[in-house]
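Visitor: Give the three-dimensional model of this entry:
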Amino acid sequence: MSRRYGWNGVIFMPCFITGAAGFIGSSLVDRLLADGEAVNCWDNSSTGQQAFIADALKGPRLKLVRGANLNSTGRI
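Guide: Numbers count the residues shown, from 1 in each chain. From the prediction side, this is the model:
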């Protein structure tokens, strides 16, 4: 994993976004990728749209995991 250093020696780590295929999540994905960040995403595709992140998925800095936060009983 590569590390980038910001002001005052702060280490920037890859970002993690839940709900990445939703409107807000996909906007955040686009902004972080535009800033040069590596982004890891989690989405269950229940309400989001794959089209929102289709272009971002073509790049090497976005990793998408499809899954739900709830177990089979509907509880966390």
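
Visitor: how far is the host helix or strand of residue 32 from where the chain is centred?
Guide: Element membership for residue 32, per DSSP states H and E: helix 23-34. In terms of C-alpha atoms, centre = their mean, to the nearest Å, the centre of helix 23-34 is found 8 Å from the chain centre.

Visitor: how about that helix: buried residues?
Guide: 25-26, 28-30, 32-33 (16 or more other C-beta atoms under 10 Å). All C-beta spots, glycine's among them, are computed from the backbone N, C-alpha and C.

Visitor: what's the answer for stretch 55-69, then?
Guide: So for stretch 55-69, counting by 16+ other C-beta under 10 Å, buried means 56, 62, 64.

Visitor: Among those, name the ones in strands.
Guide: Using DSSP state E, the subset of the buried residues of stretch 55-69 located in strands is 62, 64.

Visitor: got a markdown table for the buried residues of stretch 55-69, with pLDDT too?
Guide: As requested, the buried residues of stretch 55-69 are exported to a markdown table (pLDDT from 0 to 100):
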| residue | pLDDT |
| --- | --- |
| 56 | 92 |
| 62 | 92 |
| 64 | 91 |
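
Visitor: Go through the buried residues of helix 23-34 and name the one nearest residue 49.
Guide: Distances from residue 49 to the buried residues of helix 23-34, taken as C-beta to C-beta, are shortest for residue 26 (8.1 Å).

Visitor: and the closest one, what does it touch?
Guide: Contact analysis of residue 26 by C-beta atoms under 8 Å, 6 or more residues apart in numbering lists 20, 48, 52-53, 56.

Visitor: Could you rerun that using 7 Å?
Guide: 20, 52-53 (C-beta atoms under 7 Å, 6 or more residues apart in numbering).

Visitor: closest to residue 40 among these?
Guide: residue 20 (8.9 Å).

Visitor: got a list of what the closest one touches?
Guide: 26, 29, 41-43, 53, 64.

Visitor: In these, find the pair that's most separated.
Guide: 26 and 42 (13.0 Å).
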